[in-house]
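Q: pasting a predicted model and its sequence here:
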Amino acid sequence: MIEMLDEARLRDSADFLTEHHPPLAAVITTYGYPPLWAREHGFATLIHIILEQQVSLASALSAFKKLEVRLGTITPENFMTLDDAELKAIGFSRQKTRYGRDLAHRILTGALDLEGLANLPDEQVRTELIKVKGIGIWTANIYLLMVLCRPDVWPTGDRALAVAAKNVLGLDQVPTYPELDEIALAWQPHRATAARILWHHYLQK
């Protein structure tokens, strides 16, 4: 059976981490438990995550809201009706336009079963998602962590986590992504909760 985080399990996981890792405990003492930040399954959410690649969350959200206004319900079918100029006006770069269309095409042709991902183990989810143009390990892990709510996913390559880790752990400098991955091994099998605690700290600043 595939485990998922919910609000109760997130708190239990956070309690375990605070008992064994004082720097993470300090975040919860100061700011409270982190949100679950669960997102809905499906195409629209994955488009939103693609928009978040290498830009601010505010910028990505602005573009996503424009897409919602333009399409109403965001589906692969109606996404494919938009031309390059329309997507550019919404906030899609040329690259992200290609990524969105490849994602929509794969769903429409059955090459990617987004609903079926919920029944697959973490590594197989990653394997399926990174077949899509423009979806790398960070995007796949964010989908696993935020949408499928898997308990031990670590989003390698997340700049906000690296910055938060420097402050929370009292490091001399922002760790490299490989260094942060190594640090996160100590938080297994609760890495998804540790990530939420660090994001919680980052968003307070």
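A: Yep, it's here. Numbers count the residues shown, from 1 in each chain.

Q: show me the protein divided up by domain.
A: 7-36+153-202, 43-147 (automatic domain parsing).

Q: quick one: pLDDT of the most centrally placed residue in the chain?
A: Closest residue to the average C-alpha location of the chain: residue 142 at 2.2 Å, with Cα atoms, centre = their mean. The predicted structure scores residue 142 at 94 on the pLDDT scale.

Q: for it, phi and psi?
A: According to degrees, to the nearest 10, the main-chain angles of residue 142 amount to phi -60, psi -40.

Q: give me the distance between it and residue 53.
A: Distance, residue 142 to residue 53, by Cβ to Cβ, to the nearest Å: 9 Å. Heads up, the C-betas are built off the backbone N, CA and C, glycines and all.

Q: related to what we said a few turns ago, the residue nearest to the centre of the chain: what's it in contact with?
A: Residue 142 makes contacts with 49, 52, 155, as judged by Cβ atoms under 8 Å, 6 or more residues apart in numbering.

Q: could you pull out the strands for the chain?
A: Along the chain, counting by DSSP state E, no stretch forms strands.

Q: helices along that one, start to end?
A: 7-20, 22-31, 43-51, 57-71, 76-79, 84-90, 94-109, 122-129, 137-142, 159-169, 177-184, 191-202 (DSSP state H).

Q: looking at the ones you listed, which is buried most?
A: Comparing these on average neighbours per residue, with mean count of other Cβ atoms under 10 Å, the densest one is helix 191-202 at a mean of 24.

Q: state the mean pLDDT of that one.
A: When pLDDT is averaged over helix 191-202, the result is 98.

Q: and it, what does it pack against?
A: helix 7-20, helix 22-31, helix 159-169, helix 177-184 (3 or more Cβ pairs under 8 Å, 6 or more residues apart in numbering; DSSP states H and E).

Q: what's the distance between the closest residue to residue 169 other than its chain neighbours and residue 180?
A: If you skip the residues right next to it in sequence, residue 169 has residue 23 as its closest partner in space, 5.2 Å away by Cβ to Cβ, 6 or more residues apart in numbering. The spacing between residue 23 and residue 180, counted by Cβ to Cβ, is 14 Å.

Q: same check on residue 8?
A: In this structure, residue 8 and residue 180 are separated by 28 Å, where distance is defined by Cβ to Cβ.

Q: and what of residue 203?
A: Spatial separation of residue 203 from residue 180 under the definition Cβ to Cβ is 18 Å.

Q: leaving out the residues flanking it, which one is nearest to residue 163?
A: Leaving aside its chain neighbours, residue 163 sits nearest to residue 174 (5.8 Å; criterion: Cβ to Cβ, 6+ apart).

Q: that older thread, out of the helices and strands packed on helix 191-202, nearest to residue 88?
A: Residue 88 lies closest to helix 159-169 among the helices and strands packed on helix 191-202, at 25.3 Å (Cβ to Cβ).

Q: packing partners of that closest one?
A: Helix 159-169 makes packing contacts with helix 22-31, helix 177-184, helix 191-202 when contacts are defined by 3+ Cβ pairs under 8 Å, 6+ apart.
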